[in-house]
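A.B. asks: Predicted structure and sequence below. I'll ask about it afterward.
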Amino acid sequence: MKIIKNLKYSIILGLFFAGSASAFENAGGPRNYCKPAKFRDFSPPERVHNQPFIEVAPESIISVKAVGSIDPSSIRVFAKKIALKPTIVDKINFFQITAKLPAELRSGYARIDLIAQADLGACIGKDGWLIKIKETVEPPVSDDPVTTDAPLATENPAPAPE
């Protein structure tokens with residue numbers, strides 16, 4: 001009688017744990033877990049509240065760190081919706097991403113967008129920042145040869161007074 005009673009308890013206990021395990025699996029337990037990429041240490045830095053926008057020269061270098069479990073081949077960098085060619089260096093704990101601004105961006109504002117997919121799972125990390133590109137002033141080009149009214153230097157300049 002004691003054996004049958006213990007057998008009933010073990011069957012009930014087994015059904016309880018089986019039901020709990022299947023409920024955990026159906027609720028999207030560890031199989032569907034995904035941690036998106038995070039981006040930090042933007043260079044040039046992000047705009048600080050009540051401060052002017054950071055100005056950069058045309059065709060300057062931008063850089064950022066990507067932290068998390070990231071597939072490096074999925075990293076994309078855009079400036080004003082123009083795809084940039086990033087250089088990605090694995091630094092063990094993060095990825096250092098650098099890119100050069102395109103020549104088409106001469107003056108005005110540009111949003112730098114970053115996109116990376118997680119190594120495991122389908123979640124995507126997105127971030128970015130806004131920068132101001134300095135206006136370049138090109139020197140005027142003339143067809144006339146340059147002439148000056150300044151006297152030419154002599155071969156033997158006068159000695160300096162002592």
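C.D. replies: Everything's here; your move.
A.B. asks: Quick check: what element follows the least confident helix or strand in the chain by mean pLDDT along the chain?
C.D. replies: When the helices and strands of the chain are compared on mean pLDDT, DSSP states H and E, helix 2-26 comes out lowest with a mean of 63. Heading C-terminal from helix 2-26, the first helix or strand you meet, by DSSP states H and E, is strand 38-43.
A.B. asks: Report the buried residues of that next one.
C.D. replies: By 16 or more other CB atoms under 10 Å, the buried positions in strand 38-43 come out as 39, 42. Where C-beta positions appear, they are placed from N, C-alpha and C, glycine not excepted.
A.B. asks: contacts for it?
C.D. replies: Residues outside strand 38-43 that contact it (CB atoms under 8 Å, 6 or more residues apart in numbering): 62-68, 112, 114, 116, 125, 127-129.
A.B. asks: which among these end up buried?
C.D. replies: Buried among the contacts of strand 38-43 (16+ other CB under 10 Å): 62, 64-66, 68, 112, 114, 116, 125, 127-129.
A.B. asks: which one among those residues gets closest to residue 44?
C.D. replies: Distance to residue 44 across those (CB to CB) is lowest for residue 62, with 6.8 Å.
A.B. asks: What is whichever strand or helix holds that closest one packed up against?
C.D. replies: Here residue 62 sits within strand 61-67, counting by DSSP H and E. In terms of contacts (3 or more CB pairs under 8 Å, 6 or more residues apart in numbering; DSSP states H and E), strand 61-67 is packed against strand 38-43, strand 94-100, strand 108-117.
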